[in-house]
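[1] Next one to model:
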Amino acid sequence: SELAERHVEIPEQVVAVGDEVMVKIIDIDLERRRISLSLKQANQGVDIAADDFDPSLYGMTASYDESGNYIYPEGFDPETNEWKPGFEEQQAAWEAQYAEAQARWMALKKQAAEAEESAVAAARVEATEYSSEVSAPTEGSLASDEALQALRNKLTSGNN
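    Below is the predicted model of the structure:
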């Protein structure tokens, strides 16, 4: 499953209709008109304790020259790290883009933290279930030969 690190029986254990989540696109199948998404892969590698982020990874456009040097927005002075007078509109637009990118980054950090907490909680429940099953006799999901024979006898005795 690409929903979580742990086994998920039904998608509603992880997501619900109407949830807004960040996913990674892992495949686009044009022939079948399908897109494969991964919530699990989107959460991988997210440093939930980090304070710094790269806004270009979260939707903010970044421009570079032929040498690979960052091209600063119009009106920004990289030497003083200040906006020049008269470029308030460009500054407001840049700050809005930055805020949107930061909001996406914060949402991904929150999503990854919740997924981590959910995995820990599921592991605790799983460990509890397994430890309580150890003392009881364990049976597989397939019926035993005795149970099948008893069912066969019951079914055939009713038809005589």
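[2] Hmm, residue 76 is touching residue 88, no?
    No. At 11.9 Å, residue 76 does not count as touching residue 88 under the criterion of C-beta atoms under 8 Å. (Glycine included, C-beta is placed from N, CA and C.)
[3] neighbour count winner among these two?
    Between residue 76 and residue 88, counting by other C-beta atoms under 10 Å, residue 76 is the more crowded of the two (15 against 11).
[4] Give me the spatial nearest neighbour of that one, chain neighbours excluded.
    Leaving aside its chain neighbours, residue 76 sits nearest to residue 83 (5.6 Å; criterion: C-beta to C-beta, 6 or more residues apart in numbering).
[5] Model confidence at the one you found, what's the number?
    Residue 83 is assigned a predicted lDDT (pLDDT) of 96.
[6] Against residue 102, how distant is it?
    18 Å (C-beta to C-beta, to the nearest Å).
[7] So what's the residue count around the residue nearest to residue 76?
    As a burial measure, residue 83 scores 17 neighbours (other C-beta under 10 Å).
[8] got it, and the one 10 residues further on?
    Residue 93 has 13 neighbouring residues, counting by other C-beta under 10 Å.
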